[in-house]
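Peer 1: Okay, here's the prediction I keep looking at, along with the sequence it came from:
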Amino acid sequence: MKVDCVMTNSQHALQKGSGHLLVPSCSSHATTQPPPIPPADHRQIAVQQELFTTSIYSPGSPILLPNGARIFNRLVEFLRQQYTRYGFDEVITPTIYKKALWKKSGHLENYSDDMFTVTSTSPSRKDTTDGGEEDEYGLKPMNCPGHCLIFASQRHSYRDLPIRYADFSPLHRNEISGALSGLTRVRRFHQDDGHIFCRPSQIEEEIRKTLDFVRVVYSTFKLGPYRLTLSTRPTDHYIGTPEEWETAEGALKRALDASGQNWTINEGDGAFYGPKIDIILRDSDGKEHQTATIQLDFQLPKRFELTYTAPAPGYEQRGETTTDPDALHKTGLVTPVLIHRAILGSVERLMALLIEHYNGSWPFWLNPRQVMIFTVNNSQPVMDHAKRVQDVLMGREASSNKAVSQATNFIVDIDDRDCSLGLKKHNAKEKGYTVILTVGPQQLSSGTVTCDLSRLGGDSEATDGERVEMLPSELLEILKAKADAYL
Ligand SMILES: [Zn+2]
């Protein structure tokens, strides 16, 4: 089984290629044209903004620096907020599973080249003494088998479905070392992975909700436009009956129509275990990237013998309803349908896309450098005031024995170097801070702070360099409103 759930090698579309330079349309005007602007490269911006690094000791596994980790965590937290609407329950699952599991899932047979094996080097710590396969583990490349184990660990009635698990686990896939690059060609990454176990009759509704989820997320990031493609049953190599495929594809088509977006068919391009919808995003350079994906799977639930109980099981399995009292009287076991879905896809790859999309100018809510406070001088009262402002904006009380409970998670730094304000301002802008604050002796009696909000955007009408005087608590409300609106 080729389990290409959620991300395949061919989806690593973000690598930088040649041929992207903007060429002036008329060579005779070459001298008056501005020089060609190469498209943003996330690896360069990442160096400038100290987002991530790499090491020869773990090729292909990006090391996120504090600024990169802030963006990563905000993306994950953003999704967690959305999960409250779309009904996903987060689970936390192992990184290594015995080979027996990968055999059961089909990965060993079809995906082993992409997998890492993990073994103990200490004979005394082996699970068995014969040194057989029982002691070999595989580092997980996907979460699906683990989620099947969770589903199988409990009994389910048709009333419990759909069950939706979400997982942000790190995944490992053994890419060839020559291809590794930045955040896009990697061996270790995280998906905003989700698996929906549903009744056959629920497919359309679940796909519809997932497409809605995709729309909400991409419009929040102001990414797009994107196009949707439906890949249908391969001509010969597939499992299940043609009728099952027809029903499933019909449900996907109706959900696609209901989304109100244009979609096209990739005839015969579905995985052999089910049809899928791919979301293909077009970036500002016109380049396309496959990000989100939604895949139906008839195969894995069978391999894991997953079942739920329902009346009229024959009808239920076909996604049909009946009023026949004899049929309804019988309750039996039915195999659920599994939907694999990821909205961002790989979080790292989406980060790379966003880095290039914003070209280093992050919206406030995602910015790893949000607020900079300058001190006019470094006298103790001014330093204390700067610290108080920082405490308010970060939601921490200066002196308390209680654990912190109101942290805003805003990144607020203080520049108390003994140098000119002009230089401090230049450095802060270069580093990409959104909000620049100044505190000096004049603010000590009022407790206020001088704010430059001109880079905050939106309804803030301040022009560049314009200053506003306000209390830190007032500023906090403005910043919270921006972050809550994902601006
Ligand atoms: Zn999956």
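Peer 2: Perfect, I can see it now. Residues are numbered from 1 along each chain as shown.
Peer 1: My guess is residue 406 contacts residue 392. True?
Peer 2: No - the criterion here is CB atoms under 8 Å, and residue 406 misses it with residue 392 at 10.4 Å. For every residue, glycine as well, the C-beta is placed using N, CA and C.
Peer 1: Look at the two and report which has more neighbours.
Peer 2: The neighbour count for residue 406 versus residue 392, taken as other CB atoms under 10 Å, is higher for residue 392 (21 against 8).
Peer 1: OK, contacts around the closest residue to the ion within the stretch 201-350 of the chain?
Peer 2: Nearest residue of the stretch 201-350 of the chain to the ion (CB to the ion) works out as residue 340 at 3.4 Å. By CB atoms under 8 Å, 6 or more residues apart in numbering, residue 340 lies in contact with 5-6, 144, 193-195, 293-295, 297.
Peer 1: Helix, strand, or coil at it?
Peer 2: Secondary structure assignment for residue 340 (DSSP: H, G, I helix; E, B strand; the rest coil): strand.
Peer 1: what's across from it in the sheet?
Peer 2: Taking DSSP bridges as the rule, residue 340 bridges to residue 195, residue 295.
Peer 1: Quick check: which ranges of this protein have low pLDDT?
Peer 2: 1-38, 129-133, 398, 458-465 (pLDDT under 70).
Peer 1: Could you list the domains of it?
Peer 2: 37-95+140-358, 371-484 (automatic domain parsing).
Peer 1: And stretch 373-381, end to end?
Peer 2: For stretch 373-381, the first and last residues are 15 Å from each other (CA to CA, to the nearest Å).
Peer 1: Can you name the residues in contact with stretch 379-392?
Peer 2: Counting by CB under 8 Å, 6+ apart, 373, 375-376, 397-398, 412, 414, 416, 437, 439-441, 443-444, 447, 449, 472-473, 476 sit against stretch 379-392.
Peer 1: which of these are buried?
Peer 2: 373, 375-376, 412, 414, 416, 437, 439-440, 443, 449, 472, 476 (16 or more other CB atoms under 10 Å).
Peer 1: Throw those residues into a markdown table and include secondary structure, thanks.
Peer 2: What follows is the buried ones among the contacts of stretch 379-392, written out as a markdown table (three-state DSSP):
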| residue | secondary structure |
| --- | --- |
| 373 | strand |
| 375 | strand |
| 376 | coil |
| 412 | strand |
| 414 | strand |
| 416 | coil |
| 437 | strand |
| 439 | strand |
| 440 | coil |
| 443 | helix |
| 449 | strand |
| 472 | helix |
| 476 | helix |
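Peer 1: Helices of the stretch 251-400 of the chain, start to end?
Peer 2: 300-303, 313-317, 325-329, 347-358, 380-394 (DSSP state H, counting those that start in this stretch).
Peer 1: So which of those helices is nearest residue 368?
Peer 2: helix 347-358 (10.8 Å; CB to CB).
Peer 1: name the helices or strands packed onto that closest one?
Peer 2: helix 42-48, helix 66-86, strand 188-198, strand 288-297 (3 or more CB pairs under 8 Å, 6 or more residues apart in numbering; DSSP states H and E).
Peer 1: I'd like the distance from it to the chain centre, please.
Peer 2: Remark: helix 347-358 is offset 10 Å from the chain centroid, using CA atoms, centre = their mean, to the nearest Å.
Peer 1: quick one, it and strand 188-198 angle?
Peer 2: Angle, helix 347-358 to strand 188-198, by axes from the mean of the first three to the mean of the last three CA atoms, to 10 degrees: 110 degrees.
Peer 1: I figured residue 480 hits residue 408, correct?
Peer 2: Yes - here residue 480 reaches residue 408: they are 6.9 Å apart, a contact under CB under 8 Å.
Peer 1: which neighbours do these two share?
Peer 2: Joint contacts of residue 480 and residue 408 (CB under 8 Å, 6+ apart) do not exist.
Peer 1: that older thread, which of the helices of the stretch 251-400 of the chain sits most buried?
Peer 2: helix 347-358 (a mean of 23; mean count of other CB atoms under 10 Å).
Peer 1: ok and that one relative to helix 66-86, angle-wise?
Peer 2: Going by the same axes, to 10 degrees, helix 347-358 makes 110 degrees with helix 66-86.
Peer 1: Could you check the angle helix 347-358 makes with strand 288-297?
Peer 2: 150 degrees.
Peer 1: Flag every residue of the stretch 101-250 of the chain that's near the ion.
Peer 2: Neighbours of the ion within the stretch 101-250 of the chain, by CB under 5 Å from the ion: residue 144.
Peer 1: nearest residue to residue 376 other than its sequence neighbours?
Peer 2: Counting by CB to CB, 6 or more residues apart in numbering, residue 376 lies nearest to residue 440, which is 3.1 Å off, once chain neighbours are set aside.
Peer 1: quick one: the strands in the stretch 51-200 of the chain?
Peer 2: 52-53, 63-64, 89-90, 96-98, 117-118, 137-139, 163-167, 170-172, 188-198 (DSSP state E, counting those that start in this stretch).
Peer 1: what comes into contact with the third one?
Peer 2: Read it as strand 89-90. Strand 89-90 has contacts (CB under 8 Å, 6+ apart) with 80, 83, 163-168.
Peer 1: Ok, the fifth one next?
Peer 2: With contacts defined as CB under 8 Å, 6+ apart, strand 117-118 is touched by 96, 99, 136-139.
Peer 1: Please tabulate those residues in TSV and include neighbour count as additional columns.
Peer 2: Below are the contacts of strand 117-118 laid out as TSV (neighbours: other CB atoms under 10 Å):
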residue	neighbour count
96	15
99	20
136	17
137	21
138	25
139	18
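Peer 1: and which of the residues you listed is nearest to residue 185?
Peer 2: Among these, and counting by CB to CB, the member closest to residue 185 is residue 139, at 17.8 Å.
Peer 1: so the closest one touches residue 115, yeah?
Peer 2: Yes - between residue 139 and residue 115 there is a contact under CB under 8 Å: 6.6 Å.
Peer 1: shared neighbours, these two?
Peer 2: If you check residue 139 and residue 115 against CB under 8 Å, 6+ apart, the residues they both contact are residue 172.
Peer 1: Tell me the one among the buried ones among the contacts of stretch 379-392 nearest to the ion.
Peer 2: Using CB to the ion, the buried ones among the contacts of stretch 379-392 come closest to the ion at residue 412, 39.1 Å.
Peer 1: circling back: buried subset of the contacts of strand 89-90?
Peer 2: Buried, going by 16+ other CB under 10 Å: 83, 163-168, out of these.
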